[in-house]
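>>> return atomic coordinates for the entry below.
(one chain, ligands or ions: 2)
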Amino acid sequence: MEPRPAAPRPRLCDSLGADQTPSASTPNAARAELGRRAPAVAAVLPAGGSGERMGIPTPKQFCPVLERPLISYTLQALERVCWIKDIVVAVTGENMDAMKGIIQKYQHQRISLVEAGVTRHRSIFNGLKALAEDQPDSKLSKPEVVIIHDAVRPFVEEDVLLKVVTAAKECGAAGAIRPLVSTVISPSADGCLDHSLERARHRASEMPQAFLFDVIYEAYQQCSDYDLEFGTECLHLALKYGHIKAKLVEGSPDLWKVTYKRDLYAAESIIKERISQHICLVMDTKDENHVGHRLEEVLKDELNHVKVTSRLPCHTGRDLDQIMSEQCYSYVCVNVMTSDFEEIRKLVNMLEESNLSILYPVVVISVYFLDYKSVPFDQKMENLMQIREYAKEVKKRNILLCGLLIYYPQDEQKLQESLRQGATIIATLIKERNSGLVGQILVA
Ligand SMILES: Nc1ccn([C@@H]2O[C@H](COP(=O)(O)OP(=O)(O)OP(=O)(O)O)[C@@H](O)[C@H]2O)c(=O)n1
Ligand SMILES: O=P(O)(O)OC[C@@H](O)[C@@H](O)[C@@H](O)CO
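Residues are numbered from 1 along each chain as shown. Ligands and ions are numbered 1, 2, ... in the order given. Got it, this is the predicted structure:
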């Protein structure tokens, strides 16, 4: 078993990653739900596959989603659950260093690495062995309940983990299930239909699953080579070797396993959608008649599922704490008639200090209201051009900076039209989070 990598630097934040809704249960509430004596819980993540069905050389667990490896999202989802004390990840020897690099870069915690096996069951078995043996140098101890969850299922929430662990504590085994999308059929030897299963009476077995540790560990120890080689269902092992009938828990649609390339695109769009749910406008006025607040109102009208807030520019450490607590990944800096670049620099510096952009790309849009049809534009354009070079620099820190010039006429009707067009461009930039647009200046 690989020694647990050195504990990374202090955690980014008490990560309520924006792609996760704040945990509904606090540690105490979760423990209360687990029963009077909360069991020690650990997780095993098989991550030793080659991802053949993905059709690309990189194993899918290491494929980038928004420039971050898929497995990092799954680790973050499990790390947010404070009552999971250890997370054991099974990776192949050739990917061990890459995995250590991911742990270090994204500051994952409570992670231990073990060597994967040539099949998924063997990888899981290696993870369980790491938890079962009290090796002198290991910080791992045997849990009462163990969660098994595929590393390529990034959208797992605390509630379903709590359900399978609670059920496993009571019944010995539990697993998430989902309705079947296609009907299951059984072909005959000559390649024709032999029979089909009644879809409504069957379910798809998903992850997470959870087991009393001794139940699943003993099942794996008794497991036949055939089952270790060709089996795909841990619940089946608990039944066959432990005579335990697993409790089945209805899971959410997001529990699906990333298998084909289309699943990576789906995962990316889900993550983009989740981190675009909050837009923060930064402007140095509380005056409700300020055009920035007009823009705020138009954004609220246009994006009714998105939380739109406004705040004064950042100047203090308290502002940094507030930025962190808001977990906002989309900022709109409003400048009127000036192309003052200093506010942008201050906000970007604050964002860099917060480490917010390590986990997700942060969009910063520098908005300039300018009656550019009646005001000479040359020297202001010069200032605006600074954004191009600065954007290249901050892109290295996963901050996507671009500019937006919004026509600011005297005529009220024309101004309203400009605001609507500006809001549409802002919404698109935030939703698409396209790094190809960094440093550009768009015009509304
Ligand atoms: N020898 C293996 C094979 C698979 N897995 C892991 O088991 C999970 C689910 O398996 P699957 O989707 O089949 O992954 P792959 O085997 O990589 O995919 P493919 O069958 O397309 O090669 C994945 O996290 C995969 O990394 C593993 O730990 N060890
Ligand atoms: O068969 P694969 O190795 O692609 O994936 C494993 C899945 O079968 C498994 O995760 C669920 O069906 C639950 O057992």
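
>>> name the residues of the stretch 251-400 of the chain found near ligand 1, please.
With CB under 6 Å from any ligand atom as the criterion, the stretch 251-400 of the chain comes near ligand 1 at residues Lys257, Thr259. The way it works is simple: take the backbone N, C-alpha and C, and place the C-beta from them, glycine included.

>>> again, only this time at 8 Å
Residues of the stretch 251-400 of the chain that fall close to ligand 1, judged by CB under 8 Å from any ligand atom: Lys257, Val258, Thr259.

>>> which of these ranks first by neighbour count?
Neighbour tally across those (other CB atoms under 10 Å): the maximum, 26 neighbours, falls on Val258.

>>> closest to Ile102 out of the residues of the stretch 251-400 of the chain next to ligand 1?
Nearest to Ile102 out of these is Val258 (CB to CB; 16.0 Å).

>>> ok so, going back, the residues of the stretch 251-400 of the chain next to ligand 1 also near ligand 2: which ones?
Answer for those near ligand 2 (CB under 8 Å from any ligand atom): Lys257, Thr259.

>>> next, format the residues of the stretch 251-400 of the chain next to ligand 1 as a markdown table and append secondary structure and pLDDT.
Shown next, in a markdown table, are these (DSSP: H, G, I helix; E, B strand; the rest coil; pLDDT from 0 to 100):
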| residue | secondary structure | pLDDT |
| --- | --- | --- |
| Lys257 | coil | 97 |
| Val258 | coil | 98 |
| Thr259 | coil | 98 |
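
>>> nearest to Arg397, of the residues of the stretch 251-400 of the chain next to ligand 1?
Proximity of these to Arg397, judged by CB to CB, is greatest for Val258, which lies at 26.9 Å.

>>> now do the same contact list for the closest one.
Met54, Lys60, Leu70, Val152, Arg153, Pro154, Leu264, Ala267 (CB atoms under 8 Å, 6 or more residues apart in numbering).

>>> does the fourth one sit in a helix, a strand or a coil?
Going back to what we said before, that points to Val152. Here Val152 is recorded as coil under DSSP: H, G, I helix; E, B strand; the rest coil.

>>> spatially nearest residue to it (excluding sequence neighbours)?
Spatial nearest neighbour of Val152, chain neighbours left out: Val258 (4.3 Å); criterion: CB to CB, 6 or more residues apart in numbering.

>>> all strands for the stretch 251-400 of the chain, in order.
278-282, 307-311, 330-336, 362-370, 399-407 (DSSP state E, counting those that start in this stretch).

>>> partners of the second one in the sheet?
Paired with strand 307-311 in the same sheet, following DSSP bridges, are strand 278-282 (parallel).

>>> right, I'll leave it there.
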